[in-house]
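Engineer: A structural model of the following input is requested.
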Amino acid sequence: MLRRRDGRPSLAHDPPHRARPPRPPRTHPGGPGQLDRRVIGYTDAYERYARPLGILDARQPNVVRYVFTDERARTAYPEWDRVADEQVSHLRHGASIHDPHVAALVDELTVTAGAPFADRLAAVPSLPRRTGVDVVAHPQAGTLRLAYETLAMPEADGQRLVVHLPADDATAAALDRLNGRRPGALRAVNG
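Structural biologist: Coordinates of the predicted model:
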């Protein structure tokens, strides 16, 4: 089930300045998934994955803000530098810097995160990766290898859908346990 950040089960009341995103695909029920840098919607499985990491602790959860301002992110992402680079790359290419929400986030992170954010923003831009594997040190599930695919949402003003799937059998089993399912309910992605 897709939930809003306030816990309600739908995206029916998105802010009027944003196009309403479609529901995430149901081809992988129970798999972790999120919409956009701002976490505007997520599955129950994403909540079980993200809440122990601290991603959903903020009143208005935002993955970029979490990566740069929450110390737990450096523990959660053993490859933090690469994750940080990719978050800035998606921020640059996903929405207009003239969008007041993006501009406010950039201003905020330039001050609160300092050089780790500002230096990446000032560096030569690179295109964001649409696919890859993130390694996550999860406090309840252990080391997870999550294959991700980022899908741009046309007419959605820079919003994107990020789908995570287990990249190996050990991660599939760990996610099954985290979600209270018998092992084998999710399958590893080959490729």
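
Engineer: from now on I want contacts and neighbour counts done on CA atoms only, so please keep to that.
Structural biologist: Noted.

Engineer: what sits against Leu121?
Structural biologist: Val88 (CA atoms under 8 Å, 6 or more residues apart in numbering).

Engineer: buried residues of the strand or helix carrying it, list them for me.
Structural biologist: Assigned by DSSP states H and E, Leu121 falls within helix 115-122. Residues Phe117, Ala118, Arg120, Leu121 are the ones in helix 115-122 that count as buried (16 or more other CA atoms under 10 Å).

Engineer: helices or strands up against the lengthiest helix in the chain?
Structural biologist: Counting residues, the longest helix found in the chain (DSSP state H) is helix 80-94. Secondary-structure packing of helix 80-94 (3 or more CA pairs under 8 Å, 6 or more residues apart in numbering; DSSP states H and E): helix 63-69, helix 115-122.

Engineer: where do the strands of the protein begin and end?
Structural biologist: Remark: strands assigned in the chain by DSSP state E are 2-3, 33-35, 42-43, 131-138, 142-152, 160-166.

Engineer: make JSON lines from those strands and add mean neighbour count, mean pLDDT and distance to Ala73 to it.
Structural biologist: Below are the strands of the chain laid out as JSON lines (neighbours: other CA atoms under 10 Å; pLDDT from 0 to 100; distance: least, CA to CA, whole Å):
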{"stretch": "strand 2-3", "mean neighbour count": "20", "mean pLDDT": "45", "distance to Ala73": "23"}
{"stretch": "strand 33-35", "mean neighbour count": "25", "mean pLDDT": "45", "distance to Ala73": "17"}
{"stretch": "strand 42-43", "mean neighbour count": "24", "mean pLDDT": "84", "distance to Ala73": "19"}
{"stretch": "strand 131-138", "mean neighbour count": "17", "mean pLDDT": "96", "distance to Ala73": "9"}
{"stretch": "strand 142-152", "mean neighbour count": "18", "mean pLDDT": "92", "distance to Ala73": "14"}
{"stretch": "strand 160-166", "mean neighbour count": "22", "mean pLDDT": "87", "distance to Ala73": "17"}
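
Engineer: nearest to Val102 among the ones you listed would be which one?
Structural biologist: Taking CA to CA, strand 160-166 is the member of these nearest to Val102, at 14.1 Å.

Engineer: shaky segments in this protein?
Structural biologist: 1-38, 95-97, 155-158, 183-191 (pLDDT under 70).
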